[in-house]
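In: pasting the structure only:
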């Protein structure tokens, strides 16, 4: 079957691509657009390593078809820092050693950013439940939770200033 | 945080601080490249056909229709790889048999487990490769299978290998079985020992195999040239291991293979073997084009890992005043489809935290129709510890002694005996018990349906071969190249130890992992060995740099070498009689390198000995929901002797991560095989690893009793933290419910059934 033409926006840039109708958004990002920052851990929506936002909603890109990106706006890990300025979450993850192998980190960061966008002052429990869809096998989650709470604190401070 | 500070090196400036790791920014921006992130122009996609049968003879494989599909460039089967001779090679605990290894990568005569690779395809797209798999016709003769270890040891069990004669038994058995090997370790007189006991507890236990659960599946890219030179990009715990195994399985010279270390997305022992690399390389050889192979999560669960499931019986005796006088254990471990479970480790570690004069541990390595077991975090030790530490908990209850006090009374220290021969060489265990005894949370009263459990663990830790190069760049900054894969922050540890030794700031040191052509051989990153062994090589290389810098300064100043010292990153003239000289910094000397001997480089290649073992003691509080049987972890405190924490944040992270893996092993993780021997839970939805909302904060207590054989006292951090966990949770559950759990996982239905049985007993009585 002929490939479909899709026009979309990724990290604020207009992007066009061709994809098969069966291809997931994750496969399109990784294999067609060479954006390998978004990771595949399961392909079935269980691990959250492929988290992106689609029109602001947090999704597993392995559960979204490439053609569904038509006319939408996608945010991936590659768009999180502004130039050479890391997002506070990225900086806090480094300061808190909130990653070991780092394979889950892009998905966790995208998910955490989505959390703080809707809830700038989450409790530890709220962070734990929001990130329950992002598996990390290295850290036991301790330092991830600490980093998210610390980043939230800093971002709230910045907003008040 | 508790710090043991004996033999403290008082003036450490960099070691023990918590800087940002050198590989951090690429990992938070999505730019770090893992195994599946590499591609090359003209690349083909490989796919692997896997057996749907747990046990089947392969009568024939017809690949003609697959080959004829447009876009398919090559098809391979197991016999396309050269045959290997049958022999067990290497040290007893980690023997390798290449006849088995080539068949694990791809089946030949028989498929031995659901998911066993039987053929592979390379095609222009992944979709075509997938389609081609469906066109391969395999004629299977399905055979009876066996999944469980006790079943596999029965007289009439289906045999995986009709010529397997149990090793380690005298006289040699005349009949084949599924028992690959028996091992026994023994000290003292068991009968006499048990005769001294006032209380004896004997219990049997089973554990399920569990997967390492790394979030990155296996992925590799290979390019094999017509000149016989091959390059591989893959994520593994050792690119030298990938090079050696792949070359051996393909009959290549090792040096014709260049392996690039991709970033690794978790391994925990599971990436110390090859699955895909020989297949990708052979498909590339056949096609003359690069070939990429990536496993799905389903592939990972069906055909990689896990660590062994087990069936165990442990008997221990104690006197009224708390002296453990005898211990006897039998440990039967599933090896999976090929021999090589970690049963020797299980038997050796089982009683290793206790000073017991009369003890025996017997192990059986048993094949069955599951994927071949692979190392998982202190392989073998956590399995044995679940049994032994549960029995020790019952001993403490019988004599009415606090479980930490009982452990303290019997704790090993330097000079204590082991059952495998040499005496313990190092302290550190007692200090982990004392750390918990002093912890205020240990005395917090518990509520209804709540319990507190204690357990301890032992792990050997590793040394071994490492090679590093340290360069002083032209501007005086430092570049370190090592050949040890970084699975969780070791580049930061290397840079910290180098900065400390050279007397320079951490930020002036860059630490990298080099490919197999650029650095000497390194063992895999495993056995908690890298910060110890590779770290030792880094320190020695930096000491050589210091000697070189002093010599160059002496040349520049035209003074004897003895008159030059190295302090705070600069050469100083210490003999006032020779005049006054401004110190020469690394930068100053690097600028004069050409006239003082050329590039400033030190290489160290060593085989590090003198590693000291890891000890951990932990307690946890749980609450059981009597309606559902669900167990909630309320509090977890883990003390571990690490020798010295080079980067304390990553040390805490290892302890927290290991404990949480153990919590998954204790409460949830299990394989579900149907009656045909096919795995039914091949994804993270049904193979449930712990998620953030399952857990409280895990408190890591770093205990530091330095290892005298390492320049900074490092022992090793990565593994022993998982050893006590399953027993700690089971013991807490015993406290909360009054019921002893004998099987893992202690999932809600299992716990609920135990509570119901207990209630019936009470009603019946």
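Out: Looks like it came in fine. Since the structure is predicted, the reported quantities are computational estimates derived from the model, not experimental observations. Residues are numbered from 1 along each chain as shown, chains lettered A, B, ... in the order given.
In: doesn't residue B:264 make contact with residue B:212?
Out: No: applying CB atoms under 8 Å, one finds residue B:212 not in contact with residue B:264, separated by 11.8 Å. Where C-beta positions appear, they are placed from N, C-alpha and C, glycine not excepted.
In: Looking at those two, which one has more neighbours?
Out: residue B:264 (26 against 21; other CB atoms under 10 Å in any protein chain shown).
In: how close does the residue in chain A that chain B sits nearest to sit to residue B:33?
Out: Evaluated by CB to the nearest CB, chain A has residue A:37 as its residue closest to chain B, separated by 2.0 Å. According to CB to CB, to the nearest Å, residue A:37 and residue B:33 sit 10 Å apart.
In: Comparing the two, which residue is more hemmed in?
Out: Between residue A:37 and residue B:33, residue A:37 has the larger neighbour count (other CB under 10 Å), namely 26 against 16.
In: what residue is smack in the middle of chain A?
Out: Against the mean C-alpha coordinate of chain A, by CA atoms, centre = their mean, the closest residue is residue A:110 at 2.7 Å.
In: Backbone dihedrals for that one, both of them.
Out: phi -60, psi -40 (degrees, to the nearest 10).
In: Residue B:479 - that's part of a helix, no?
Out: No: the assignment for residue B:479, made by DSSP: H, G, I helix; E, B strand; the rest coil, is strand rather than a helix.
In: Pretty sure it sits against residue B:468.
Out: No: proximity of residue B:479 to residue B:468 does not meet the contact threshold set by CB under 8 Å, at 10.9 Å.
In: Those two - which one has more neighbours?
Out: Ranked by neighbour count (other CB under 10 Å), residue B:479 and residue B:468 place residue B:468 first, with 30 against 15.
In: Isn't the more buried one up against residue B:539?
Out: No: applying CB under 8 Å as the test, residue B:468 and residue B:539 come out as separate, 9.5 Å apart.
In: quick one, helices of the stretch 201-350 of chain B?
Out: Using DSSP state H, counting those that start in this stretch, the helices of the stretch 201-350 of chain B run over residues B:239-250, B:277-287, B:297-303, B:343-349.
In: no no, chain A
Out: A:25-27, A:88-95, A:105-118, A:124-130, A:142-160 (DSSP state H).
In: again with the stretch 651-765 of chain B
Out: B:725-737, B:748-764.
In: ranking those helices by burial, who's on top?
Out: helix B:725-737 (a mean of 27; mean count of other CB atoms under 10 Å in any protein chain shown).
In: Tell me the pLDDT of residue 128.
Out: Just so you know, I chose chain A. At residue A:128 the predicted local confidence, pLDDT, stands at 98.
In: wait, chain B
Out: 97.
In: follow-up on the earlier one: which one of the helices of the stretch 651-765 of chain B lies nearest to chain A?
Out: Nearest to chain A, of all those, is helix B:725-737, at 10.9 Å by CB to the nearest CB.
In: The closest one - what's its average pLDDT?
Out: Throughout helix B:725-737, pLDDT has a mean value of 98.
In: And what about residue B:589, helix, strand or coil?
Out: Under three-state DSSP, residue B:589 falls in the helix class.
In: Starting from residue B:546, give me the distance back to it.
Out: 11 Å.
In: cool, residue A:9 as well?
Out: For residue A:9, the distance to residue B:546 equals 55 Å [CB to CB].
In: More neighbours: those two, which one.
Out: Per other CB under 10 Å, whichever of residue A:9 and residue B:546 has more neighbours is residue B:546, with 19 against 15.
In: same for the helix or strand where that one lies, what does it pack against?
Out: Element membership for residue B:546 (DSSP states H and E) is helix B:535-557. Helix B:535-557 is packed against strand B:464-472, strand B:478-482, helix B:490-502, strand B:564-567, strand B:570-573, strand B:584-585, helix B:586-591, strand B:600-608, with contacts defined by 3 or more CB pairs under 8 Å, 6 or more residues apart in numbering or on different chains; DSSP states H and E.
In: Quick one: mean pLDDT for it?
Out: Average pLDDT, helix B:535-557: 98.
In: picking up where we left off before, a markdown table please, covering the helices of the stretch 651-765 of chain B and showing distance to chain A.
Out: A markdown table is the format used below for these (distance: least, CB to the nearest CB, whole Å):
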| stretch | distance to chain A |
| --- | --- |
| helix B:725-737 | 11 |
| helix B:748-764 | 17 |
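In: mind giving me a markdown table with the ones you listed and columns for distance to residue B:271?
Out: Shown next, in a markdown table, are these (distance: least, CB to CB, whole Å):
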| stretch | distance to residue B:271 |
| --- | --- |
| helix B:725-737 | 22 |
| helix B:748-764 | 31 |
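In: How much space separates residue B:363 from residue B:36?
Out: For residue B:363, the distance to residue B:36 equals 37 Å [CB to CB].
In: What residue spans form the domains of chain A?
Out: Annotated domains of chain A cover A:4-79, A:88-160 [automatic domain parsing].
In: per-residue pLDDT, residue B:759?
Out: 86.
In: now swap in residue A:160 and tell me
Out: Residue A:160 is assigned 58 on the pLDDT scale.
In: What of residue A:2?
Out: For residue A:2, the predicted pLDDT is 88.
In: tell me which helix or strand of the chain sits lowest on mean pLDDT?
Out: No chain specified, so I'll use chain A. Every helix and strand in chain A was compared by mean pLDDT, DSSP states H and E; the lowest is helix A:142-160, with a mean of 92.
In: Which among the helices and strands packed on helix B:535-557 is found nearest to residue B:284?
Out: Taking CB to CB, strand B:478-482 is the member of the helices and strands packed on helix B:535-557 nearest to residue B:284, at 27.1 Å.
In: Any idea how far apart the tips of stretch A:2-15 sit?
Out: With CA to CA, to the nearest Å as the measure, stretch A:2-15 spans 19 Å from end to end.
In: In that stretch, which residues are buried?
Out: A:6, A:8, A:10, A:15 (16 or more other CB atoms under 10 Å in any protein chain shown).
In: For residue B:757, give me its contacts.
Out: Neighbouring residues of residue B:757 by CB atoms under 8 Å, 6 or more residues apart in numbering or on different chains: residue B:739.
In: So for residue B:252, which of the helices of the stretch 651-765 of chain B sits nearest?
Out: Closest to residue B:252 of these is helix B:725-737 (CB to CB; 41.8 Å).
In: Can you give the distance from that closest one to the centre of its chain?
Out: Offset of helix B:725-737 from its chain centre (CA atoms, centre = their mean, to the nearest Å): 25 Å.
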